[in-house]
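In: below is the structure, and that's it, no one-letter string:
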Ligand SMILES: CC(C)(COP(=O)(O)OP(=O)(O)OC[C@H]1O[C@@H](n2cnc3c(N)ncnc32)[C@H](O)[C@@H]1OP(=O)(O)O)[C@@H](O)C(=O)NCCC(=O)NCCSC(=O)C[C@H](O)C(=O)O
Ligand SMILES: [Mg+2]
């Protein structure tokens, strides 16, 4: 799949210790999986989770889904052991929690000793404030918003409109876009509340996130729907491209579609919409 238009709509956390969930994920229509060794795994299960996860990845069967391993922080008693056990695993990226600076990313890069992309959880005040230098690290492939940790660190309240953490989310997005890395929104904790999830997905999509992290299979379909180009968006993109090509042939640089101007930059966006739609259709 073309990496520039690879979809990351639905990114499901799976506890690395849960064999049943590791098995189930092979058949779920998610774009990416985060195999978690951090928060979803209790301290007494940390060691066995490494083996369970290694075995699942060796066995494979995850198809086109991007496979991301979230290790424990390098400042914890498990981080170095996670890297040692999994650095050669068949995966697409390693996800480092609570990244505060580019030096944290470099520390993991040094320990890995390979060029597997590193993703960073942005979930601390320093991580947000240093997002630009973190995104600029040459091995950095993506940001994941850790909205639970962020709320804890900010001492803010959870609100449906997420106003208290909006600056952090947008700072992270600006940095991700400045350096062309993937940006995934945080989780929606009430996993049985479909309407609440839909609203938060739409907000994340409006902000510019590529997709959303999920904690339960019941969240997958809504999320895929919200982060896919809709039929209306696809149809509009086609008409914008056609209209622009027509005016271009007549030596002009501005078309009008549905009463709105269409210039070269809108055509670029329209082409991205069609490329993403076709990438999703090919899954
Ligand atoms: C939330 C859960 C504990 C709920 O578990 P459970 O009660 O077992 O759910 P169900 O009985 O409804 O499960 C139905 C079937 O689905 C499978 N399942 C459940 N969850 C997953 C999953 N995440 N991935 C794959 N499959 C899953 C069950 O095995 C059942 O299968 P079957 O036997 O065939 O019926 C549980 O969903 C869970 O543990 N979720 C993950 C929690 C997690 O990963 N937390 C850490 C990430 S969130 C975070 O840390 C964010 C960040 O750092 C921040 O700061 O914000
Ligand atoms: Mg967290």
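Out: Yes, it's here. Just so it is clear, the model here is predicted, and its values are computed rather than measured. Ligands and ions are numbered 1, 2, ... in the order given.
In: got the residues of the stretch 101-250 of the chain near ligand 1?
Out: 121, 123, 146-149, 186-187, 191, 215-217 (Cβ under 6 Å from any ligand atom). C-beta coordinates here come from the backbone N, C-alpha and C atoms, glycine included.
In: is it possible to export those to TSV including pLDDT?
Out: Shown next, in TSV, are these (pLDDT from 0 to 100):
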residue	pLDDT
121	99
123	98
146	98
147	98
148	98
149	98
186	98
187	98
191	97
215	98
216	98
217	98
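In: restricting to the residues you listed, which residues neighbour ligand 2?
Out: 123, 146, 149 (Cβ under 5 Å from the ion).
In: now the stretch 1-150 of the chain, which segments are flagged as low pLDDT?
Out: 1-3 (pLDDT under 70).
In: can you map out the helices along it?
Out: 19-24, 46-59, 79-86, 102-112, 125-129, 131-135, 147-154 (DSSP state H, counting those that start in this stretch).
In: elements contacting the first one?
Out: Spelled out, it's helix 19-24. Applying 3 or more Cβ pairs under 8 Å, 6 or more residues apart in numbering; DSSP states H and E, one finds that helix 19-24 contacts strand 10-15, helix 46-59.
In: contacts for it, please.
Out: 14-16, 35, 52-53, 56, 217 (Cβ atoms under 8 Å, 6 or more residues apart in numbering).
In: just the helices of the stretch 1-150 of the chain: most buried one?
Out: Counting by mean count of other Cβ atoms under 10 Å, helix 131-135 has the highest mean neighbour count of the helices of the stretch 1-150 of the chain, with a mean of 22.
In: circling back: tabulate the helices and strands packed on helix 19-24 (CSV), appending distance to ligand 2.
Out: Below are the helices and strands packed on helix 19-24 laid out as CSV (distance: least, Cβ to the ion, whole Å):
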stretch, distance to ligand 2
strand 10-15, 10
helix 46-59, 16
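In: so which of these is nearest ligand 1?
Out: The closest approach between ligand 1 and any of the helices and strands packed on helix 19-24, judged by Cβ to the nearest ligand atom, belongs to strand 10-15 at 3.4 Å.
In: quick one: contacts for the spatially closest residue to residue 128 that is not a sequence neighbour?
Out: Closest residue in space to residue 128, ignoring its immediate chain neighbours: residue 168 at 4.5 Å, by Cβ to Cβ, 6 or more residues apart in numbering. Residues in contact with residue 168 (Cβ under 8 Å, 6+ apart) are 122, 128, 145, 150, 154.
In: is it true that the third one touches residue 188?
Out: No - using Cβ atoms under 8 Å, residue 145 makes no contact with residue 188, being 11.5 Å away.
In: how near is the residue nearest to residue 71 when sequence neighbours are not counted to residue 244?
Out: Once flanking residues are discounted, residue 71 sits nearest to residue 82: 3.8 Å by Cβ to Cβ, 6+ apart. With the distance defined as Cβ to Cβ, to the nearest Å, residue 82 ends up 50 Å from residue 244.
In: what does the chain have sitting close to ligand 2?
Out: So far as Cβ under 5 Å from the ion goes, the chain lies against ligand 2 at 123, 146, 149.
In: I'd like to know which of those is nearest to residue 70.
Out: residue 146 (10.2 Å; Cβ to Cβ).
In: anything in stretch 27-36 near ligand 1?
Out: Yes - Stretch 27-36 lies within reach of ligand 1 by Cβ under 6 Å from any ligand atom, at residue 36.
In: contact partners of that stretch?
Out: Outside stretch 27-36, the residues touching it (Cβ under 8 Å, 6+ apart) are 6-16, 22, 25, 53, 56-57, 62, 65-70, 91-92, 95, 144, 211, 213-214, 217, 220-221, 224, 283.
In: give me the buried subset of the residues you listed.
Out: 6-16, 22, 25, 53, 56-57, 62, 65-70, 91-92, 95, 144, 211, 213-214, 217, 220, 224 (16 or more other Cβ atoms under 10 Å).
In: now residue 123. Nearest residue, chain neighbours left out?
Out: Ranked by Cβ to Cβ, 6+ apart and with sequence neighbours excluded, the top spatial neighbour of residue 123 is residue 146, at 2.6 Å.
In: which residues does the one you found contact?
Out: Counted by Cβ under 8 Å, 6+ apart, residue 146 has contacts 97-98, 121-123, 186.
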